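J.: Provided below are the primary sequence and the corresponding predicted coordinates.
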There are 2 protein chains.
Amino acid sequence: MELKKVEKISKALADPNRLQILKSLHKKQACLYCSDINELIDLTQPSISHHLKQLTEAELIIAEKEGRNVKYTMNNKMIDQYVSFLLALKV
Amino acid sequence: MELKKVEKISKALADPNRLQILKSLHKKQACLYCSDINELIDLTQPSISHHLKQLTEAELIIAEKEGRNVKYTMNNKMIDQYVSFLLALKV
DNA sequence: TAGATGTATTGAAATGTTTCGATATGTTCT
DNA sequence: AGAACATATCGAAACATTTCAATACATCTA
C-alpha cells in the first residue's frame, strides 16, 4: 500500500466524529444512512456530509446512492489492507 | 482501546514524514537516533524533534535516553493494540 | 410540474498543525 | 570549568482542517 494512501486513511481515522461513525456502522452490523448519522452525532448536516466524504474518499466506507438517500457500508477490505501495512512496520 | 487513544495514534500516523520515520525504523530492524533521522528526512532539527514527540506521545515508538542521544525503538505492542481496534470495526 | 425531502457544495470564521530560526537544556570531553 | 555536541522548547508564520449558514442539486410524491 502506498504511503500516500496510508496517510489518507490515517487522516480519516484521526477525528472523533469519524471514529464514532465507524463504530456506529459496526454496531448496527449493517449500513447507515446520512439521516441515521444525523441522530447519532451533534453536528449540522453539512459537517456530517464532510466527514462522510473523508471516510468515503479514504475508501474506509462505501457510499451507494439509493433514491434520494445514500447508503454507507463498511469496507472491510480496506481495513485489512491498512492493517497489513501497519503490521509490516513491526520490527 | 479508548477512542481518544485511537485518535491520537491515527493523528501520529497521518503525516508523510512520520510514516517515513516508522518505515526507516522497521528497515533498520533496530533502533534509530535523532541524528540518523536527520540524515533521512529533509527537515530541520526542531521539526524532526516535533515529529518524534508526536510518535512518542502516541506510544508508537519508545524513546530512551542514552547519554546525550535518544534511542528510538518501535513499540510493536501498541501497533498490535491499534490493529485490534481496527479489526474490531469490521462488520 | 410544483413542493417536499435528502444530500452536496460553497465560502468564511475558528481552530489546529507544521515548519523554522533562535535559544535553552542537558551531557560529554578536555 | 569551559567548549562542543545532541536534543528540546518557544514563538511566529504558513498551511490545513473543522464547522456552520446559505444555497444548490437531485429525487420522490402529490
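T.: Arrived safely, thanks for sending.
J.: C-alpha from now on. contacts and neighbour counts both.
T.: OK.
J.: Counting neighbours, what do you get for A:R18?
T.: 20 (other C-alpha atoms under 10 Å in any protein chain shown).
J.: And A:I61, by the same measure?
T.: The burial count for A:I61: 24, using other C-alpha under 10 Å.
J.: quick one, what contacts the closest residue to A:T73 other than its chain neighbours?
T.: The shortest distance from A:T73 to any non-neighbouring residue, by C-alpha to C-alpha, 6 or more residues apart in numbering or on different chains, is to A:C31 (4.7 Å). A:C31 makes contacts with A:25, A:71-74, as judged by C-alpha atoms under 8 Å, 6 or more residues apart in numbering or on different chains.
J.: how about 7 Å then?
T.: A:C31 makes contacts with A:25, A:71-73, as judged by C-alpha atoms under 7 Å, 6 or more residues apart in numbering or on different chains.
J.: Repeat that for A:E57.
T.: A:E57 touches nothing, counting by C-alpha under 7 Å, 6+ apart.
J.: what's the answer for the one 4 residues further on, then?
T.: With C-alpha under 7 Å, 6+ apart as the criterion, the residues that contact A:I61 are A:55, A:72-75.
J.: what's the closest of these to chain B?
T.: Comparing the contacts of A:I61 against chain B with C-alpha to the nearest C-alpha places A:M74 closest, at 6.7 Å.
J.: From what I see, the closest one and A:E59 are in contact.
T.: No - assessed by C-alpha atoms under 7 Å, A:M74 is found out of contact with A:E59, at 8.9 Å.
J.: Please identify the buried residues of stretch A:14-34?
T.: A:14-15, A:17-26, A:31-34 (16 or more other C-alpha atoms under 10 Å in any protein chain shown).
J.: Between A:M74 and A:E59, point out the one with more neighbours.
T.: Counted by other C-alpha under 10 Å, A:M74 and A:E59 do not tie: A:M74 has more neighbours, with 25 against 20.
J.: What pLDDT is listed against the more buried one?
T.: At A:M74, the model reports a pLDDT of 96.
J.: swap in A:K28?
T.: 85.
J.: can you check A:T44 too?
T.: With respect to pLDDT, A:T44 scores 96.
J.: cool, A:K5 as well?
T.: 98.
J.: just the one 5 residues further on next, same as before
T.: In the prediction, the pLDDT value recorded for A:S10 is 98.
J.: That one contacts B:D15, doesn't it?
T.: No - in this structure A:S10 lies outside contact range of B:D15 using C-alpha under 7 Å: 8.4 Å.
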